[in-house]
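**Q** Here is a sequence together with a model predicted from it:
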Amino acid sequence: MLEKIKETVYRANLELVNQGLVIHTWGNVSGRDEKSGLVVIKPSGVGYSEMKAEDMVVIDIEGKIIEGKFKPSTDSPTHLLLYKKWPSIGGIVHTHSTYATSWAQAGRNIPAFGTTHADHYYGEVPCTRKLTDQEIKFDYEVNTGKVIVERLVHTDPLAVPSALVNCHGPFCWGLDPGEAVYNAVALEEIARMAFYTVLLNHDKPISKKLLDKHFLRKHGKNAYYGQGEK
Ligand SMILES: [Zn+2]
């Protein structure tokens, strides 16, 4: 079942390795089937080199395995929480990519320092609060999703398609798994640029005018970047 999404999720997982965002098994991708609401996700702890498309695990929104011989990624409850809260998204990526994770470990939001950032994010990339001891002890992965949603409560998740989990690393999302991977790649580059910007002793985000200009020319109903609809 859902062979097409399995193939997409499988390829998206490999793309994380190709893009240098993931080593070992430090990342995962999932995709949601719009029709059934079922989620396809990477199996837990299976190496990228031996993984096959048919190894992707199909789970329902409560995490019950519908199809698959492996256990789903241990981060599945985080993915499911985000899908439950945000019906508009259809793909999620989690990595421990170096620069984005460095900002997460420092517990810092990534300010919109320039137009590269503003082309992808309508404002800073937010960092969550730290989880409490109780939240770490019980339902850790669900609570990881909850702090992301809590941090983005007043934000359209498609306008800011990434968050940094404090002391942990980035989660990125999009309309589908491919877009989530695209955002994970963009985030890592933006995090890298922001790191050097701070190193150069600059800490001021760009003006609201410039942020609006760059984000809105690429996104939303008045976008004019690219070739548009034919
Ligand atoms: Zn992680």
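**A** Looks like it came in fine. Numbers count the residues shown, from 1 in each chain.
**Q** next structured bit after the helix or strand hosting residue 40?
**A** If you go by DSSP states H and E, residue 40 is part of strand 39-41. Going down the chain from strand 39-41, the next helix or strand is strand 57-59, by DSSP H and E.
**Q** Burial check on the nearest residue to residue 108 once chain neighbours are set aside, number of neighbours?
**A** Nearest non-adjacent residue to residue 108, counting by C-beta to C-beta, 6 or more residues apart in numbering: residue 127, 5.7 Å away. Any C-beta I mention is one placed from the backbone N, CA and C, and that applies to glycine too. Counted by other C-beta atoms under 10 Å, the residues lying close to residue 127 total 23.
**Q** which residues in the protein form strands?
**A** 28-32, 39-41, 57-59, 65-67, 91-94, 162-165, 169-174 (DSSP state E).
**Q** now for the third one, which elements pack on it?
**A** Spelled out, that is strand 57-59. In terms of contacts (3 or more C-beta pairs under 8 Å, 6 or more residues apart in numbering; DSSP states H and E), strand 57-59 is packed against strand 39-41, strand 65-67.
**Q** who are the neighbours in contact with the closest residue to residue 23 other than its chain neighbours?
**A** Leaving aside its sequence neighbours, residue 23 sits nearest to residue 17 (C-beta to C-beta, 6+ apart; 7.7 Å). Residue 17 makes contacts with 23, 27, 48, as judged by C-beta atoms under 8 Å, 6 or more residues apart in numbering.
**Q** Give me whichever of the strands of the chain is most buried.
**A** strand 91-94 (a mean of 30; mean count of other C-beta atoms under 10 Å).
**Q** Which other helices and strands does that one contact?
**A** helix 3-18, strand 28-32, helix 76-85, strand 169-174, helix 177-199.
**Q** mind checking pLDDT for the residue nearest to residue 108?
**A** Note on residue 127: pLDDT of 98.
**Q** Show me what it is bridged to.
**A** Residue 127 has these beta-bridge partners by DSSP bridges: residue 164.
**Q** any idea how far it is from residue 146?
**A** 15 Å (C-beta to C-beta, to the nearest Å).
**Q** cool, residue 161 as well?
**A** Separation of residue 161 from residue 146 (C-beta to C-beta) stands at 18 Å.
**Q** out of these two, which sits in the more crowded spot?
**A** Using other C-beta under 10 Å as the criterion, residue 161 and residue 146 rank with residue 161 on top: 28 against 18.
**Q** so which of the helices and strands packed on strand 57-59 gets nearest residue 175?
**A** Set against residue 175 and scored by C-beta to C-beta, the helices and strands packed on strand 57-59 come closest in strand 39-41, at 14.7 Å.
**Q** Show the contacting residues for residue 88.
**A** 156, 157, 158, 175.
**Q** between the residues you listed, which has the most around it?
**A** residue 157 (19 neighbours).
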